[in-house]
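K.L.:
following is a predicted model, sequence given first.
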Amino acid sequence: MVNAVETSILNKIRDLSRMPELVAQFAEQHGLSEDVVFGMNVALDEMLSNIIKYGYTDDAIHEIHIRLSVSGALLVAEIEDDGQPFDHCAAGPVDVDAPYRAQPDGRGGVREGCRPESPGHEDAAGSRNTERNPWN
């Protein structure tokens, strides 16, 4: 059984449509629940669309690398891109009572805030950004 699968998409919204099938097939191989599949698809759609919409200042084609793996009962997604880094911890708090569109700097989708126990980590390593998020 394959414990990880990797793919790349281009920085085009249309490429997001490839992800749900990949997640579903991988989760089925590992006996993960439909709730895990749904949650991971929502998370991937949010993270990848934010990278595509806000991560690039040019019109060039960029590759975004995605790796799915299983760690115990967790489905883990790792995303690597060469867009502008976004550190949601440095961006300040999100007003969860304000309308989505009223959030500054495109932070309407960032609801977790910055907590030390948060599993996601964005690391600007050289010219690459890496985000790792487990889902169960």
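P.N.:
Looks like it arrived, so ask away. Residues are numbered from 1 along each chain as shown.

K.L.:
by mean pLDDT, flag the weakest helix or strand of the chain.
P.N.:
strand 122-125 (a mean of 47; mean pLDDT, DSSP states H and E).

K.L.:
list the buried residues in stretch 47-59.
P.N.:
Within stretch 47-59, the residues scored as buried using 16 or more other Cβ atoms under 10 Å are 47-48, 50-52, 55-56. Every residue, glycine included, has its C-beta placed from N, CA and C.

K.L.:
try stretch 62-79
P.N.:
62, 64, 66-70, 75-79.

K.L.:
of all the buried residues of stretch 47-59, which two lie farthest apart?
P.N.:
Met47 and Tyr56 (14.5 Å; Cβ to Cβ).

K.L.:
please name every helix or strand in contact with the top helix by length along the chain.
P.N.:
The helix that spans the most residues within the chain, counting by DSSP state H, is helix 34-54. Contact partners of helix 34-54 among helices and strands, from 3 or more Cβ pairs under 8 Å, 6 or more residues apart in numbering; DSSP states H and E: helix 19-29, strand 63-71, strand 74-81, strand 128-135.

K.L.:
which residues are contacting the first one?
P.N.:
I take that to be helix 19-29. 1-2, 5, 7, 9, 33, 36-37, 40-41, 44-45, 48, 66, 68, 75 (Cβ atoms under 8 Å, 6 or more residues apart in numbering).

K.L.:
could you do the second one as well?
P.N.:
Taking Cβ under 8 Å, 6+ apart as the criterion, the residues outside strand 63-71 that touch it are 3-11, 19, 22-23, 26, 30, 32, 40, 44, 48, 51-52, 75-82, 134.

K.L.:
now the buried members of those.
P.N.:
Using 16+ other Cβ under 10 Å, the buried members of the contacts of strand 63-71 are 9, 11, 19, 22-23, 26, 32, 40, 44, 48, 51-52, 75-82, 134.
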